[in-house]
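Asks: below is the sequence, then the predicted model.
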Amino acid sequence: MKNFFCLICLGLSAALSAAETAGGSAVACVGKIVPGARIAALAAPSLGGSQPIVETLNIRRGSFVNEGDVVAVLRGAARAKAALARAESALAAARANADMKILQQENFAADLEGSFAQNQKILDEKDPPRREREEINYEQESLARKIAQAKSMVPLLKRAQELAVAEAAAAADEARAAYAEYEVRAPITGEVVESNVVPGEAVGMEGICEIADTSSMYAEAEVYVSDISRVSVGDPAEIFSDALEGKKFLGKVVQISSYVKSNRLFSSDPSDYSNLKVVVAKIKLDSPGSFRNLIGSQVSVRILVKKQ
């Protein structure tokens, strides 16, 4: 198998070198397709210290998700949802009760004011006998005290009801946050490149899934140290993939690594090529949609350089 990989390497290098000679000044190398951004592992929260178990899985490898989509629902979500429903019902009742009590108090004060105005009208317009006038005046004094007391109770009642509603709202927020922990949502818009669990399984260290932002795709090309001085940011590049029937795709160098490493492509044992030093040139692909299902795959790259 090792010799087979070596033959592939030699054959590809020869083919690329021939292409360079025929096509002008170019640096031939191999690369790997990577997404623009990647979530290494979409983890699940620890619920009460216990290992979370997936109850419902809404994705699979290759699924496209939008930021905020529910990727998975954890076991216990139904119980948390019921608790949230009770808390929200209690909040609605607290708000309705507060409005009713305040309205009742305001109506009570208004009724007292109505009685006071009616008595005053009798005093002003009918000129009742002295004894009746004295009785009405006594009642007016009592009504005035009751009106003042009733009105003074309105802001106190409002404050008390506001506190009751605030407590119910806090309880609802807590229940809502608790329920939200059972729904694992996508942190970015992108494609599911790995799904690590099935319903009924506990979520391990690898997390639920891996999501990649495939709106932009790149080829990380391993350029030999002897060639890297010829490569510049902005150089156009041609990318070829056997998975895409050898069609030519275009891109542009957007970043050149600042450190040297041993090449790792075309070998299951990196030590076989430890003497071949490379620098990674990152190439942004012009047609990201063509490579969304090829993340991690190897491609052939020709960087069309200006330097000789």
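Replies: Received it, and whenever you're ready, just let me know what you need.
Asks: can you give me the helices in the stretch 201-308 of the chain?
Replies: With DSSP state H, counting those that start in this stretch as the definition, the stretch 201-308 of the chain shows helices at residue ranges 225-228.
Asks: where does pLDDT dip in it?
Replies: Residue ranges of the stretch 201-308 of the chain with pLDDT under 70: 266-275, 308.
Asks: if we use 90, what do you get?
Replies: 204-206, 212-216, 242-243, 245-247, 258-277, 288-297, 306-308 (pLDDT under 90).
Asks: mind listing the strands for it?
Replies: 209-224, 236-240, 248-256, 261-262, 277-285, 298-304 (DSSP state E, counting those that start in this stretch).
Asks: need those strands in CSV (columns: mean neighbour count and distance to residue 39).
Replies: For glycine as for every other residue, the C-beta is placed from the backbone atoms N, C-alpha and C. Formatted as CSV, the strands of the stretch 201-308 of the chain follow (neighbours: other CB atoms under 10 Å; distance: least, CB to CB, whole Å):
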stretch, mean neighbour count, distance to residue 39
strand 209-224, 21, 5
strand 236-240, 21, 25
strand 248-256, 17, 21
strand 261-262, 14, 24
strand 277-285, 21, 19
strand 298-304, 22, 23
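Asks: as a markdown table, those strands with distance to residue 108 would be great.
Replies: Below are the strands of the stretch 201-308 of the chain laid out as a markdown table (distance: least, CB to CB, whole Å):
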| stretch | distance to residue 108 |
| --- | --- |
| strand 209-224 | 60 |
| strand 236-240 | 81 |
| strand 248-256 | 74 |
| strand 261-262 | 82 |
| strand 277-285 | 73 |
| strand 298-304 | 81 |
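Asks: which one of those lies closest to residue 177?
Replies: Among the strands of the stretch 201-308 of the chain, the nearest to residue 177 by CB to CB is strand 209-224 (23.0 Å).
Asks: where's the closest residue to residue 236 other than its chain neighbours relative to residue 122, distance?
Replies: Sequence neighbours aside, residue 304 is the residue nearest to residue 236 in space, at 4.9 Å (criterion: CB to CB, 6 or more residues apart in numbering). To residue 122, residue 304 is 104 Å away according to CB to CB, to the nearest Å.
Asks: and the longest helix for the protein?
Replies: Determined from DSSP state H, the single longest helix within the chain is helix 130-180.
Asks: show me what it is packed up against.
Replies: helix 77-125 (3 or more CB pairs under 8 Å, 6 or more residues apart in numbering; DSSP states H and E).
Asks: pLDDT value on residue 186, please?
Replies: pLDDT for residue 186: 92.
Asks: that one - nearest residue in space that isn't next to it in sequence?
Replies: Spatial nearest neighbour of residue 186, excluding adjacent residues (CB to CB, 6+ apart): residue 65 at 4.2 Å.
Asks: cool, residue 305 as well?
Replies: The nearest residue in space to residue 305 (CB to CB, 6+ apart) is residue 230, at 4.5 Å.
Asks: still on that earlier bit, okay, the residue nearest to residue 186: pLDDT?
Replies: Reading off the model, residue 65 has pLDDT 90.
Asks: now it, which residues is it bridged with?
Replies: residue 190 (DSSP bridges).
Asks: for it, give its distance to residue 47.
Replies: Shown here: residue 65 relative to residue 47, a distance of 22 Å by CB to CB.
Asks: give me the more crowded residue out of these two.
Replies: residue 65 (21 against 17; other CB atoms under 10 Å).
Asks: pretty sure the more buried one sits against residue 212.
Replies: No - Residue 65 sits out of contact with residue 212 when judged by CB atoms under 8 Å, with a separation of 10.5 Å.
Asks: now the common contact residues for these two.
Replies: Common contacts of residue 65 and residue 212 (CB atoms under 8 Å, 6 or more residues apart in numbering): 190, 191.
Asks: the closest residue to residue 25 other than its chain neighbours: what's it in contact with?
Replies: Among residues not flanking residue 25 along the chain, residue 305 sits closest, at 5.6 Å (CB to CB, 6+ apart). Taking CB under 8 Å, 6+ apart, we find residue 305 in contact with 25, 26, 27, 230, 231, 232, 235.
Asks: list just the nearest of those residues to residue 279.
Replies: residue 231 (8.3 Å).
Asks: distance check, the closest one against residue 221.
Replies: In terms of CB to CB, residue 231 sits 9 Å off from residue 221.
Asks: where do the contact lists of those two overlap?
Replies: Overlap of the contact sets of residue 231 and residue 221 (by CB under 8 Å, 6+ apart) consists of 281, 303.
Asks: surely the residue nearest to residue 305 meets residue 27?
Replies: Yes - applying CB under 8 Å as the test, residue 230 and residue 27 come out as touching, 5.8 Å apart.
Asks: and these two? Which one has more around it.
Replies: Using other CB under 10 Å, the more surrounded residue of residue 230 and residue 27 is residue 27, with 24 against 16.
Asks: no further questions, thank you.
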